[in-house]
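Participant: Could you look at this predicted model? Sequence included:
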Amino acid sequence: MHEIVAVATKDLRIEWRSKVVASQVLPFAVIVLVLFGLALDADRGTLRTFTPGLFWVTVLFVAILAIQRSVAVETASSAFEALRLSGAAGWKVFLGKAMAVAAQLAAIEVVMLLGVIILYRTSVADPMLVVISAVAATIAISTAGSLYGVLAVGMGVRDTILPMLLLPILAPVLVAATRAFDDALNTAAVNGWTWTVMLACFAVLYAIIGSVAYAVVLEDT
Amino acid sequence: MPTTTVRQPEAPAIEPGSGTGSPKTRILGIACLVGVVVLFVFAFFLTEEDQVQGDVVRMIYVHVPVAIIEYFGFGIAAVGSVMVLWRGSMWWDTAAVAGAELGLLYSGLMIGTGVIWGRPTWNTWWEWGDARLMTSLMLFLVYLGYLAYRRTVPDAETRARRSAVIALVGIINVPIVNRSVEWWANQTLHQQSSLSDGRLEDLTLFTLAMGFVVFGMIFVWLLIHRFRFGWLERQAEMHGLEAALAERRAQRDADIDESLAHPGVSEGDDMRGGDDMGGSDDMAAGSGDVGEAADGAGQQSGDQA
Amino acid sequence: MSHLGYLIAGWGLVLGSISAYAASLLRRGRVISAQVSADRQRWMTTDESAAEDDA
């Protein structure tokens, strides 16, 4: 546990110093929300109805950037090598890095939620459901993303291959998170808690798969 | 350097490849061709049209077999990936790629025929709520990524291990996609049990079974050839360098002998023999292009090699 | 025959794609087998022992 937290705080500290995510990825998220507003003709009814979908599609785009950043932090100084030599188990490194990505995504999601409330006139009907489903979805996205991020390490074309590998895998997460938000933001009559349970299952599943697979991948990074 | 006539390179020592065929696959290939013809006759001339759907039901003889056999391809990719991670087997890596590529082909055909069949029967090209179409689409996209990813990893063993992870995560995702689409849409346009409830006529059922056999045979034929191609690719990767070096040395020695015998002849052609080996030339004597452009330099580094 | 266009499109897609893929596979196989010595192409030989060396 100690090592997991150590890896996570290391990544967050790097972000705190460099502010790459805060100064580049976060504005990107807001820009995408504004662009959706423009593309959908500023029709507030439409925007409000589709808020859950637009929100989570934006989160997926943002997640790609955050994950690329999370990997770049390691490759820039061949730190994967150092992490491996440090003797920390692969799965601990994986969970630490995924936690750091999840924390950054969560912070961005808070800003985005404020954004859709202001820009799209969305109202939050069930704050508890919003928080819990968002946490589950964020963990699922960041665990799957961290695994695929490291798979693409060292490939000259990792910037283009990552979305292609990651996004199809995350399609079910998108479905479940959108449905959960449909309930929480009162945009469709569905049972959001069922979908939240499903999101939690994804989060656990991807965390386990990633922990097992990371050792294999880190071996020959 | 005196201008001399450029000597024609001798006929390359490599005979044209015999390909990936063997007597047994040739027999299987002929059987596939005959099977397609027979299936076509049964599907279009001997079976009756459907009372509801009309003649378009004849799509069933390609769509359903292709849709089921698709999973054999992805299944082979999954088993192969497990064996790669478990045993480090490169043989299974080759099998996994072959399975993945065929799964990709068959799932693409499943989607294509599904779209074409959906239009006249469901009145829509694409039905988002249909779990089977969506599952095939997701598998298609995941394995498209798998094959694209493999092109980006130069080292064979790294490529095998890493792409095995991708293949397995993709397979694990299949039931998830399937379930989530069903819960999401809570509907499916597919006939749930048309194969089992006895509504299909005997001859229709027979023709459908024949479709399974024919497309199954085609699958096996393609799988064998794709596996052999992958095997050859790996052999070329592993032994290509050695072979290129050996051939280069032999060629150079021959050229040196000859240039000693005929001092007026340019020694510039010594790079030609290995040209078809492509990139492996780099390791031996600079790239082939450089070798030809600057004969002297090529000769020198060739001597060092 | 009703829906002939759809049937031609569907069957044509399947048979056309498979034929095209098979043709490209044969062609690529022929090209690459020229680069590999015949003793490594064990389906042309009867030596069963070769089957073990890469498993």
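Facilitator: Received it, and whenever you're ready, just let me know what you need. Numbering: from 1, shown residues only, chains lettered A, B, ... in the order given.
Participant: pLDDT weak spots in chain C?
Facilitator: C:37-55 (pLDDT under 70).
Participant: And the helices in it?
Facilitator: C:4-33 (DSSP state H).
Participant: What parts of it come near chain A?
Facilitator: By Cβ under 8 Å from any Cβ of the partner chain, no residue of chain C approaches chain A. Using the backbone N, CA and C atoms, a C-beta is placed for each residue, glycine as well.
Participant: What segments of chain B are strands?
Facilitator: Using DSSP state E, chain B contains no strands.
Participant: which bits of it sit near chain A?
Facilitator: So far as Cβ under 8 Å from any Cβ goes, chain B lies against chain A at B:85, B:138, B:141-142, B:144-145, B:148-149, B:152-153, B:155, B:157-158, B:161-162, B:165-166, B:168-170, B:172-173, B:176-177, B:180-181, B:183-184.
Participant: low pLDDT regions in chain A?
Facilitator: A:42-44, A:76-88, A:153-159, A:220-221.
Participant: can you tell me which residues contact the nearest residue to A:P127 once chain neighbours are set aside?
Facilitator: Nearest residue to A:P127, sequence neighbours excluded (Cβ to Cβ, 6 or more residues apart in numbering or on different chains): A:A184, at 7.7 Å. The contact partners of A:A184, by Cβ atoms under 8 Å, 6 or more residues apart in numbering or on different chains, come to A:V124, A:A125, A:D126, A:P127, A:L129, A:V130, A:S133, A:G192.
Participant: rewinding a little: which members of the residues of chain B next to chain A occur in helices, if any?
Facilitator: Using DSSP H, B:85, B:138, B:141-142, B:144-145, B:148-149, B:152, B:157-158, B:161-162, B:165-166, B:168-170, B:172-173, B:176-177, B:180-181, B:183-184 are the members of those that sit in helices.
Participant: Distance across stretch B:113-133, terminal residue to terminal residue?
Facilitator: Terminal residues of stretch B:113-133 lie 11 Å apart, using Cα to Cα, to the nearest Å.
Participant: buried residues in it?
Facilitator: B:113-121, B:127, B:130-133 (16 or more other Cβ atoms under 10 Å in any protein chain shown).
Participant: In a markdown table: these, plus pLDDT.
Facilitator: Below are those laid out as a markdown table (pLDDT from 0 to 100):
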| residue | pLDDT |
| --- | --- |
| B:T113 | 93 |
| B:G114 | 91 |
| B:V115 | 91 |
| B:I116 | 91 |
| B:W117 | 88 |
| B:G118 | 86 |
| B:R119 | 85 |
| B:P120 | 85 |
| B:T121 | 82 |
| B:E127 | 80 |
| B:D130 | 79 |
| B:A131 | 79 |
| B:R132 | 84 |
| B:L133 | 86 |
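Participant: Among those, which ones lie close to chain C?
Facilitator: Counting by Cβ under 8 Å from any Cβ, B:T113, B:I116, B:W117, B:R119, B:P120 from those sit close to chain C.
Participant: so who does the fourth one touch?
Facilitator: With contacts taken as Cβ under 8 Å, 6+ apart, B:R119 has the following neighbours: B:W125, C:Y6.
Participant: Run through the stretch 1-150 of chain B and note the low-pLDDT ranges.
Facilitator: B:1-18.
Participant: Return the residues in contact with A:G90.
Facilitator: By Cβ under 8 Å, 6+ apart, A:G90 lies in contact with A:R84, A:S211, A:Y214, A:A215, A:V216, A:V217, A:L218, A:E219.
Participant: Who are the contact partners of the nearest residue to B:F212 once chain neighbours are set aside?
Facilitator: Ranked by Cβ to Cβ, 6+ apart and with sequence neighbours excluded, the top spatial neighbour of B:F212 is B:P65, at 4.6 Å. By Cβ under 8 Å, 6+ apart, the contact set of B:P65 is B:L208, B:G211, B:F212, B:V214, B:F215, B:G216.
Participant: Looks like the second one contacts B:F40 (just checking).
Facilitator: What it means is B:G211. No: counting by Cβ atoms under 8 Å, B:F40 is not a contact partner of B:G211; they are 10.4 Å apart.
Participant: Counting neighbours, what do you get for the residue of the stretch 51-200 of chain B at minimum distance from chain C?
Facilitator: Using Cβ to the nearest Cβ, the closest approach of the stretch 51-200 of chain B to chain C is made by B:V56 at 3.9 Å. Here the number of neighbours of B:V56 (other Cβ atoms under 10 Å in any protein chain shown) works out to 22.
Participant: B:D50 - how many residues pack around it?
Facilitator: 17.
Participant: do the same with A:V73
Facilitator: Residues lying near A:V73 (other Cβ under 10 Å) number 18.
Participant: and A:A98, helix, strand or coil?
Facilitator: Under DSSP: H, G, I helix; E, B strand; the rest coil, A:A98 falls in the helix class.
Participant: Please report phi then psi for the nearest residue to it once chain neighbours are set aside.
Facilitator: Take A:A98 and drop its neighbours on the chain: the residue closest to it by Cβ to Cβ, 6+ apart is A:S146, 4.2 Å away. Taking degrees, to the nearest 10, you get phi -70, psi -40 for the backbone angles of A:S146.
Participant: ok, now which ones touch B:G216?
Facilitator: Per Cβ under 8 Å, 6+ apart, neighbours of B:G216: B:P65, B:I69.
Participant: gap between it and B:V64?
Facilitator: Per Cβ to Cβ, to the nearest Å, B:G216 is found 12 Å from B:V64.
Participant: hey, what's in contact with both of those two?
Facilitator: By Cβ under 8 Å, 6+ apart, no residue touches both B:G216 and B:V64.
Participant: tilt between whichever strand or helix holds A:Y206 and helix B:156-185?
Facilitator: If you go by DSSP states H and E, A:Y206 is part of helix A:192-219. Put simply, helix A:192-219 runs at 180 degrees to helix B:156-185, going by axes from the mean of the first three to the mean of the last three Cα atoms, to 10 degrees.
Participant: ok, helix A:192-219 near chain B or not?
Facilitator: Yes: residues of helix A:192-219 are located near chain B by Cβ under 8 Å from any Cβ, namely A:T194, A:M198, A:F202, A:L205, A:I209, A:A213, A:V216, A:V217, A:E219.
Participant: among the residues you listed, which ones are buried?
Facilitator: Here, 16+ other Cβ under 10 Å leaves A:M198, A:F202, A:L205, A:I209, A:A213, A:V216, A:V217 buried among the residues of helix A:192-219 next to chain B.
Participant: ok, the second one to B:E127 distance?
Facilitator: Read it as A:F202. From A:F202 across to B:E127, the span is 25 Å (Cβ to Cβ).
Participant: try the fifth one
Facilitator: Counting by Cβ to Cβ, the gap between A:A213 and B:E127 amounts to 34 Å.
Participant: if we can go back for a sec, so who does the residue of the stretch 51-200 of chain B closest to chain C touch?
Facilitator: B:V56 neighbours (Cβ under 8 Å, 6+ apart): B:D50, B:W117, B:P120, B:T121, C:S2, C:H3, C:Y6, C:L7.
Participant: Residue 206: neighbour count?
Facilitator: Because you didn't say which chain, this covers chain A. 26.
Participant: ah, no, chain B please
Facilitator: 14.
Participant: Report how many residues lie close to the closest residue in space to it that isn't next to it in sequence.
Facilitator: Nearest in space to B:F206, with sequence neighbours left out and distances taken as Cβ to Cβ, 6+ apart, is B:F42 at 7.7 Å. By other Cβ under 10 Å, 20 other residues sit near B:F42.
Participant: And for B:V52?
Facilitator: 7.
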